[in-house]
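Asker: Quick one: sequence plus predicted model below, questions after.
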There are 2 protein chains.
Amino acid sequence: MTSLQTASPPPIDGIFRALSDPTRRRVVERLNLSPASVSELAHPFDMALPSFIEHLKVLEGCGLVHSQKTGRVRTYQLAPEPLKLAENWLAQQRTLWERRLDQFDAYVMTLKEQEK
Amino acid sequence: MTSLQTASPPPIDGIFRALSDPTRRRVVERLNLSPASVSELAHPFDMALPSFIEHLKVLEGCGLVHSQKTGRVRTYQLAPEPLKLAENWLAQQRTLWERRLDQFDAYVMTLKEQEK
């Protein structure tokens, strides 16, 4: 392993950080159904609009959502690539973990064979 | 959708937050190979030990790792369940997204059929 002092954090940092908040995860879930305006997105949340808009900014900052303004209405839509990036890292960890379990199973089987 | 003001944040918040840091992700990757002591884990990082131990505390706090002290050596091991929880949420979003794309494809095909 090499040192981890990097100049700028990789985008996956921001993706995981964005997803660590329940409001932001709910917005992702909502945008997974269809694009939506700020007021449509804000409606289910018991939260002041400026605070809610900060959450949207975090999601847009890490690339999880894109927005477009038409007249006075800003519409948000999901960008699925960052979700895939995070899922891939997790899937990779699971694969490694499962391989380790398989190796452990094989080792236990070898021990049992030797006992016979 | 209902209001999101919950008393205590669900564990998935802490999991995503823990994974938003590159040092902590590298520790997870390392522990995926085998359990390891604090000094083994800290070795590849150009970081003061107290700061590194804070990262281990974050990982243990959200259940991603467990530790056990034998004599003066504390050994850490990975607990894969929280990773699965995060991966499942992401996989669910991907499934929804792909279903929406399929529906969109079907809609476009219908339009093309109508044009003929």
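Answerer: Okay, I see it.

Asker: switch to C-alpha atoms for all contacts and neighbour counts from now on
Answerer: Will do.

Asker: Could you list the buried residues of the helix of greatest length in chain A?
Answerer: Ranked by number of residues, the top helix in chain A under DSSP state H is helix A:81-115. Across helix A:81-115, burial judged by 16 or more other C-alpha atoms under 10 Å in any protein chain shown covers A:82-83, A:86-87, A:90-91, A:93-94, A:97.

Asker: sec struct for residue A:68, please.
Answerer: strand (DSSP: H, G, I helix; E, B strand; the rest coil).

Asker: List the beta-bridge partners for it.
Answerer: Beta-bridge pairing for residue A:68 (DSSP bridges): residue A:75.

Asker: okay, now it: neighbour count?
Answerer: If you count neighbours by other C-alpha atoms under 10 Å in any protein chain shown, residue A:68 ends up with 11.

Asker: Now do the same contact list for it.
Answerer: A:74-76 (C-alpha atoms under 8 Å, 6 or more residues apart in numbering or on different chains).

Asker: ok, now residue A:69?
Answerer: Counting by C-alpha under 8 Å, 6+ apart, the residues that residue A:69 touches are residue A:75.

Asker: and chain A, which of its residues are near chain B?
Answerer: For chain A, the residues found near chain B under the criterion C-alpha under 8 Å from any C-alpha of the partner chain are A:1-5, A:9, A:12-17, A:19-23, A:29, A:32-33, A:44-46, A:80, A:83-84, A:86-87, A:90-91, A:93-94, A:96-97, A:100.

Asker: And the contacts of residue A:68, which of them are buried?
Answerer: Of these, these count as buried by 16+ other C-alpha under 10 Å: A:75-76.

Asker: Is it possible to get JSON lines of the contacts of residue A:68 that adds distance to residue B:57?
Answerer: Formatted as JSON lines, the contacts of residue A:68 follow (distance: C-alpha to C-alpha, whole Å):
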{"residue": "A:74", "distance to residue B:57": "41"}
{"residue": "A:75", "distance to residue B:57": "40"}
{"residue": "A:76", "distance to residue B:57": "37"}
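
Asker: for the contacts of residue A:68, which one is nearest chain B?
Answerer: Of all the contacts of residue A:68, chain B sits closest to residue A:76, with 14.9 Å by C-alpha to the nearest C-alpha.

Asker: ok, that closest one touching residue A:65?
Answerer: Yes. The pair residue A:76 / residue A:65 is scored as a contact, 6.5 Å apart, by C-alpha atoms under 8 Å.

Asker: Output the below-cut-off pLDDT ranges for chain A.
Answerer: When residues are selected by pLDDT under 70, those of chain A lie in A:1-9.

Asker: All set, thanks.
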